[in-house]
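Colleague: Here is my input; please provide its structure:
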Amino acid sequence: MRLTKFTDVALRVLMRLAVVKHEEPPTTREVAAVMRVPYSHAAKVVARLQHLGLVEARRGRGGGLALTEAGRNASVGALVRELEEPGDVVDCEGSTPCPLRAACRLRGALREAQKAFYASLDPLTIAELTAAPTGPLLIGLGAGPPPRD
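Modeller: Numbers count the residues shown, from 1 in each chain. Got it, this is the predicted structure:
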């Protein structure tokens, strides 16, 4: 199973915000630069995360992004389920239906693997993902002068 770029960026944005402490809250542009993703993509991700109640975004002077308590404690499995398109790992019914679909055991095996994948992510929280060595690395990414556009 492969996560979409959207989900990947969402997880990285949440992880970055989880390590922001007593600094001035970063802007979407700053987070995008630090995480090396296009601003337009990061803006869409932040809007979705804000809609889900995981991120607070304030405009204007003193504004920026902040991780909510719900975001800090969010289950990675639940978040990935929310952000990924629902459905099976393989599309047996697509534009060219698979000739084996009536008696295929692979589809069921892949469905079970997908359930196990999500189940392994369920107990993890965003806060746990930022424990050492990841947290210090994320903090270090923000050090130095802001990146230029």
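Colleague: can you map out the helices along this protein?
Modeller: In the chain, helices defined by DSSP state H lie at 5-18, 28-35, 39-51, 69-72, 76-83, 106-121, 126-129, 134-141, listed in chain order.
Colleague: Quick one: list the elements packing against the third one.
Modeller: Contact here means 3 or more CB pairs under 8 Å, 6 or more residues apart in numbering; DSSP states H and E; on that basis helix 39-51 packs against helix 5-18, helix 28-35, strand 55-58. Using the backbone N, CA and C atoms, a C-beta is placed for each residue, glycine as well.
Colleague: and with 6 Å instead?
Modeller: Under the contact criterion of 3 or more CB pairs under 6 Å, 6 or more residues apart in numbering; DSSP states H and E, helix 39-51 touches helix 5-18, helix 28-35.
Colleague: The first one too?
Modeller: For helix 5-18, the packing partners by 3+ CB pairs under 6 Å, 6+ apart come out as helix 28-35, helix 39-51, strand 64-67, helix 76-83, helix 126-129.
Colleague: and the angle for that helix with helix 28-35?
Modeller: Angle, helix 5-18 to helix 28-35, by axes from the mean of the first three to the mean of the last three CA atoms, to 10 degrees: 100 degrees.
Colleague: now what about helix 5-18, what contacts it?
Modeller: Contact with helix 5-18 is made by 31, 35, 37, 41, 45, 65, 67, 71, 80, 83-84, 126-127, 129-130, 138, as judged by CB atoms under 6 Å, 6 or more residues apart in numbering.
Colleague: Could you pick out the buried ones from those?
Modeller: 31, 35, 37, 45, 65, 67, 71, 80, 83-84, 126-127, 129-130, 138 (16 or more other CB atoms under 10 Å).
Colleague: can you list the helices of the chain in CSV and add distance to residue 58?
Modeller: Listed next are these as CSV, based on distance: least, CB to CB, whole Å:
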stretch, distance to residue 58
helix 5-18, 13
helix 28-35, 11
helix 39-51, 10
helix 69-72, 15
helix 76-83, 22
helix 106-121, 30
helix 126-129, 20
helix 134-141, 21
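Colleague: Low-confidence regions, the chain specifically.
Modeller: 22-23, 135-136, 140, 142-149 (pLDDT under 70).
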